[in-house]
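Q: Prediction below, plus the sequence it came from.
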Amino acid sequence: MGLGIREAVVVRQFIEGDSVAQLTCLLHRAYSTHAAEGRVFFASYQSVEDTAYRLGKGECWLALWAGELVGTVTVAAPYGVPEGYPAPSGAGAFWQLAVDPEWRAVGLGQLLLDLAEERIGALGASQVVIDTSAEAAELVGWYRRRGYVPVGSWWWGVTNYESVVLMKELSPAVRGFGASS
């Protein structure tokens with residue numbers, strides 16, 4: 001690639017005219033490895049209508065390289081959770097974090113995670129929560145190395161696994177306090 005990932009990729013919000021079908025295809029590709037290993041993440045099979053619904057629940061961000069969709073994340077703060085979900089009131093969350101399989105291991109996932117945390121902080125949350133398959137040891141480890149700690153578990157009706165709920169306290173700089181303009 002030559003350039004660093006932050007210089008090579010354009011990251012912007014999803015706008016009217018962007019393709020929900022393309023976004024859905026990216027999600028299917030990105031989560032296909034999990035599905036092949038028996039962990040059926042909703043993003044591995046959701047419909048175009050499901051994708052539109054889910055991106056409408058927050059800010060959807062796209063990562064583009066030469067005009068091609070290579071990554072995405074959707075964020076919200078506060079995050080409306082079902083009763084009993086182990087997250088503090090007012091916490092932010094992100095979902096549909098996806099990187100095209102051809103773009104793995106170049107830092108794009110970290111770029112999108114940084115963006116998610118920055119946006120959640122800018123939206124006023126001091127904590128961020130995420131849940132993922134408790135069986136996805138590599139993914140849970142990735143989040144833990146980035147400061148997330150397990151705070152509980154949850155079963156979603158659209159997956160075939162128990163989720164581990166992970167939380168991270170956002171630093172004041174990420175929340176916009178003390179950051180230079």
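A: All right, it came through fine.
Q: How about the contacts made by the residue lying closest to Ala91 once chain neighbours are set aside?
A: In space, and not counting its chain neighbours, Ala91 is closest to Gln127: 4.3 Å by C-beta to C-beta, 6 or more residues apart in numbering. Heads up, the C-betas are built off the backbone N, CA and C, glycines and all. Contact analysis of Gln127 by C-beta atoms under 8 Å, 6 or more residues apart in numbering lists Ala87, Pro88, Gly90, Ala91, Gly92, Met167, Lys168, Glu169, Leu170.
Q: between the residues you listed, which is closest to Glu59?
A: Ranked by distance to Glu59 (C-beta to C-beta), those are led by Gly92 at 10.5 Å.
Q: ok, that closest one to Leu113 distance?
A: 13 Å (C-beta to C-beta, to the nearest Å).
Q: more neighbours, the two?
A: Gly92 (26 against 20; other C-beta atoms under 10 Å).
Q: Leaving out sequence neighbours, find the closest residue to the residue nearest the centre of the chain.
A: Nearest to the mean C-alpha position of the chain, counting by C-alpha atoms, centre = their mean, stands Leu97 at 2.9 Å. Spatial nearest neighbour of Leu97, excluding adjacent residues (C-beta to C-beta, 6+ apart): Val73 at 4.5 Å.
Q: returning to what we had before: show me the beta-bridge partners of the residue nearest to Ala91.
A: Glu169 (DSSP bridges).
Q: Next, Val40: phi, psi?
A: Phi and psi for Val40, reported as degrees, to the nearest 10, are phi -90, psi 80.
Q: what's near enough to touch it?
A: So Val40 contacts His34, Thr159, Asn160, Tyr161 (C-beta under 8 Å, 6+ apart).
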